[in-house]
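Participant: coords please:
(one chain, ligands or ions: 1)
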Amino acid sequence: MNAEIARQLNHRTIRALTAQPLSQEIIDTLVNVARHTATSQFQQAFSIISITDPELKAAIRKITKQSYVGATGHLFIFVADEYRNATIGQEMGNAHHSLGNTDRTIAAFSDAILAVQNTVNAAESMGLGTVILGSILNDAAQLIELLQLPKLTFPVLGLEVGYPDQEPQLKPRLPENFMHFQNTYQLPEPIVPQLKDYDEIVHNYYDLRETNQRVDTFTNQIYQRLNNVPEKRHELLQTLRQQGFLNEAN
Ligand SMILES: Cc1cc2nc3c(=O)[nH]c(=O)nc-3n(C[C@H](O)[C@H](O)[C@H](O)COP(=O)(O)O)c2cc1C
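Facilitator: Okay, here's the model as predicted:
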């Protein structure tokens, strides 16, 4: 155990941030860390957009339906970006490429997601709080329009970073034997009865997102969400294809 590991084991999402803005130095440091994240085939297939325009923040908040988005702290949008590499190819005389195929789509999303987590680690190491925002995909097409994202780019995750204004409980994770196997996939089934203790632990967790209420058991949360697709998210495949991704033809 070292200080870094202790900090990571103490990770909590922080949704309430104080009004104190991040200094430009801190923003620059976070972006620098993100830029140094490992990247598939050295393609660096992601970009970061800092959202500073209040109207744009409000529009993104509306998409996410989460009041804390763009309210305080610094809002980053991490973008899968093969447009830059396509442009390099085009400028060098090759407009035909495979940058939108499934392989490169996965790579660009991986690059962006890893950069998000590196940024989270850096921010937390400075005592800052973060919330990753998958909710930006509630209306990906609209966000693409708002951010003027060209083809072969796609918003992957938002990330809000700021000074913590809450101290949530540590959110308990699944027992290791349900998530870590030796050599082959070996899920101990049936699972639900074996998760009775974990369900109880999760049920004792208070989620500050809602009205300071205990959360449902883990298995119930999973069950309730099985068929719950937020509106417009079923359009994601279509929007990805419109942006030139998951497309073997180009
Ligand atoms: C890919 C991803 C998307 C997420 N999207 C949201 C989001 O839109 N809004 C939010 O409040 N939290 C979001 N979170 C935070 C998770 O809810 C949180 O990590 C999870 O409940 C575990 O809690 P903890 O991070 O405090 O341990 C997201 C996390 C990940 C990894």
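Participant: which outside residues touch stretch 20-33?
Facilitator: With contacts defined as C-beta atoms under 8 Å, 6 or more residues apart in numbering, stretch 20-33 is touched by 48, 50, 73-74, 76, 118-119, 121-123, 126, 128, 161-163. C-beta: built from backbone N, CA, C; applies to glycine.
Participant: Return the set of buried residues in that stretch.
Facilitator: Residues of stretch 20-33 classed as buried: L22, I26, I27, T29, L30, V31, V33 (neighbour count, 16 or more other C-beta atoms under 10 Å).
Participant: After the host helix or strand of the fifth one, which helix or strand is next?
Facilitator: Assignment of secondary structure by DSSP states H and E places L30 within helix 24-35. Scanning forward in sequence from helix 24-35 by DSSP H and E, the next helix or strand is strand 46-51.
Participant: now that following strand, how far from the chain's geometric center?
Facilitator: Centroid separation for strand 46-51 versus its chain: 13 Å, with C-alpha atoms, centre = their mean, to the nearest Å.
Participant: Walk me through which strands it pairs with, and which way each runs.
Facilitator: With DSSP bridges as the test, strand 46-51 is paired with strand 74-81 (antiparallel).
Participant: List the contacts of the strand it pairs with.
Facilitator: The contact list for strand 74-81 (C-beta under 8 Å, 6+ apart) reads 21-22, 27, 30, 34, 45-51, 57, 60, 69, 105, 108-109, 111-113, 115-116, 119, 136, 143, 147, 149, 152-162, 245.
Participant: angle of it against helix 24-35?
Facilitator: On the basis of axes from the mean of the first three to the mean of the last three C-alpha atoms, to 10 degrees, strand 74-81 is oriented at 30 degrees to helix 24-35.
Participant: same question for strand 74-81, mean pLDDT?
Facilitator: Averaged over strand 74-81, pLDDT sits at 98.
Participant: May I see the buried residues of the longest helix seen in the chain?
Facilitator: Counting residues, the longest helix found in the chain (DSSP state H) is helix 102-125. The neighbour-count check on helix 102-125 (16+ other C-beta under 10 Å) flags 104-105, 107-116, 118-120, 122-124 as buried.
Participant: Number of residues surrounding the residue nearest to L56 when sequence neighbours are not counted?
Facilitator: Leaving aside its sequence neighbours, L56 sits nearest to L146 (C-beta to C-beta, 6 or more residues apart in numbering; 6.3 Å). By other C-beta atoms under 10 Å, 18 other residues sit near L146.
Participant: ditto for T72
Facilitator: 16.
Participant: between the lengthiest strand in the chain and strand 46-51, how big is the angle?
Facilitator: Counting residues, the longest strand in the chain under DSSP state E turns out to be strand 153-162. Using the same axes, to 10 degrees, the direction of strand 153-162 lies 50 degrees away from that of strand 46-51.
Participant: What residues does this protein have near the ligand?
Facilitator: When proximity is defined as C-beta under 6 Å from any ligand atom, the chain approaches the ligand at H11, R12, T13, R15, Q66, V131, I132, L133, G134, S135, L157, K171.
Participant: Most neighbours out of the residues you listed, which is it?
Facilitator: L133 (25 neighbours).
Participant: Show me the beta-bridge partners of the closest residue to that one other than its chain neighbours.
Facilitator: Leaving aside its chain neighbours, L133 sits nearest to G158 (3.2 Å; criterion: C-beta to C-beta, 6+ apart). Beta-bridge partners for G158, by DSSP bridges, are I77, L133.
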